[in-house]
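Participant: structure of the sequence below:
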Amino acid sequence: MKSIFILVFLWMHAFGFSQQILSERERAMVVDEILETRLDSLLPALMDDAGIDMWILISREYNEDPVLKTMLPSTWLNARRRTILLFYRNQAKNTFEKLAVARYDVGNNIASAWDKEKEPNQWKRLMKLIAERNPTKIGLNYSQDHNIADGLDKTDYDAFIQYLPKKSHSKIVSAEQLAVGWIETRTEREMIIYNQLVDITHDIIAEAFSEKIITPGITTTSEVEWWMRQKVTDLGLETWFHPTVDVQRTTENLVGHLYSFSGRPGDMVIVPGDLLHCDFGITYLGLNTDCQELAYVLKPNENKAPSFLVNALKEGNMVQDFLTKNMVVGSTGNEILAKSLEDARNAGLQPAIYTHPLGMYGHSAGTTIGMWDAQKGVMKDDGENYPLHYNTVYAIELNTTVSIPEWKREIRIMLEEAGFYGKEGFRYVNGRQTELLLIPRVKQHIEN
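Facilitator: Presented below is the predicted three-dimensional model:
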């Protein structure tokens, strides 16, 4: 009953009601219920799609496979000793087994299948389970193209090969498609919750980019960054990367792309007339957000942003539109990138697109659509050949360079928003920025 209440509560948040962060116990309940659904309803279908009837994940404590880590219950913060998970799908009989070759049940979802008193050797017990089921293909987590699907370490791989009968070696295949499918695919309930996560992210940015936090002429960019990080901690949440805040202004020249990611001044004083940009994301309920927004610091007697900055933001929104229009199931990231850049350039824009999967990890597994330093397409080992799938989430991350005659320079409009791609097409998880945040907020009852 309580879980139903939590779900309804999250639905309320999705429609704009006041936010509330769940307690640790409530979070654990939600995380475990989602995991149960994913294991029982999603995973068998993913195994069928990948053509793998047995999936084996092996990890040791504090050296967890990134995929196995997402299968641990809420009370398991790490694997224990050597944890081996075995999933067996018999499509003909429509059966599905979830076994742990471990000393313990792995939560309520995966039962222990190893009695050490009867068989002291963990590897021999694993081999017996494999022999009893006689799978056609044994999927292991090794991959050149997807880092998150490459979690099996050499020590455990060597031990597995040593114990597995040679006649079964030919059954071993990379489980990269299955692993990526598990990581990238979102369930209906996860998407209800995702709306709330992005809403919380937007709220924190809006507060950070306000007169409550920023006093022009005094507050520095690094102070805003640390305020954002402290705010997340105070809410009982986590950040998956340190927030960044940077400034563009009339007295500065546009520098290279690398400046936006590394090497910018760390303690600039924010002054009236500045265009502020932040990059910020949180981790909550097993999911991650990644968001970039812009704010303008009003000069004396201004009550709105200059039209040239308003129009520049519109150009950034146009690049977003060209990208999301070209997101078509089955297309590779390089195909989507090339078409989107072509469309934007034909419209007179100067775009750069570096959109990545988002979900259980911030830089998650799935279809990579460009990188900031690879605008002609990413290489194979960055996931270039992996096609776009339904029920996936992306950080729609990009920029456009805009010439500003009033400032005698170019600026870069950098945007990032969480977007969902499903059978009905693309949508933003919780909207996108179409207007600049203003510092301070305009007081409607005061006339300039």
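Participant: local confidence estimate at residue 447?
Facilitator: Predicted confidence (pLDDT) at residue 447: the value is 51.
Participant: same deal with residue 260?
Facilitator: Confidence at residue 260, expressed as pLDDT, is 57.
Participant: repeat that for the one 3 residues further on.
Facilitator: pLDDT recorded at residue 263 is 62.
Participant: same question, residue 108
Facilitator: pLDDT at residue 108 comes out at 87.
Participant: repeat that for residue 62.
Facilitator: 89.
Participant: hang on, it packs against residue 78?
Facilitator: Yes. Between residue 62 and residue 78 there is a contact under C-beta atoms under 8 Å: 5.9 Å. To be clear about C-beta, it is placed using only N, CA and C from the backbone, and glycine gets the same treatment.
Participant: who has more neighbours, the two?
Facilitator: Neighbour totals were compared for residue 62 and residue 78, and residue 78 leads with 13 against 7 (other C-beta atoms under 10 Å).
Participant: can you tell me the SS state at that one?
Facilitator: Counting by DSSP: H, G, I helix; E, B strand; the rest coil, the backbone at residue 78 sits in coil.
Participant: for the nearest residue to it once chain neighbours are set aside, give me its contacts.
Facilitator: Leaving aside its chain neighbours, residue 78 sits nearest to residue 61 (5.4 Å; criterion: C-beta to C-beta, 6 or more residues apart in numbering). Residue 61 sits next to 78, 79, 80, 81, 82, 83 when contact means C-beta atoms under 8 Å, 6 or more residues apart in numbering.
Participant: switch the cut-off to 6 Å
Facilitator: Contacts for residue 61 (C-beta atoms under 6 Å, 6 or more residues apart in numbering) come out as 78, 79, 80, 81.
Participant: what about the second one, neighbour count?
Facilitator: Residue crowding around residue 79 was assessed by other C-beta under 10 Å; the count is 24.
Participant: surely residue 228 meets residue 244?
Facilitator: No. Assessed by C-beta atoms under 6 Å, residue 228 is found out of contact with residue 244, at 9.3 Å.
Participant: the more surrounded of the two?
Facilitator: Neighbours were counted for residue 228 and for residue 244 using other C-beta under 10 Å; residue 228 has more, 24 against 20.
Participant: picking that back up, now, which of the contacts of residue 61 sits nearest residue 223?
Facilitator: Ranked by distance to residue 223 (C-beta to C-beta), the contacts of residue 61 are led by residue 78 at 34.7 Å.
Participant: ranges for the strands of the stretch 1-150 of the chain?
Facilitator: Using DSSP state E, counting those that start in this stretch, the strands found in the stretch 1-150 of the chain span residues 54-60, 82-90, 95-101, 111-112, 138-140.
Participant: mind checking which of those strands is nearest residue 218?
Facilitator: The nearest among the strands of the stretch 1-150 of the chain, by C-beta to C-beta, is strand 54-60 at 48.9 Å.
Participant: list of residues touching that closest one?
Facilitator: Contacts for strand 54-60 (C-beta under 6 Å, 6+ apart): 65, 68, 79, 82-88, 135, 138-139, 156, 175.
Participant: which two of those have the greatest separation?
Facilitator: 79 and 135 (23.1 Å).
Participant: right, and residue 324 touches residue 426 too?
Facilitator: Yes. If you go by C-beta under 6 Å, residue 324 and residue 426 touch, sitting 4.5 Å apart.
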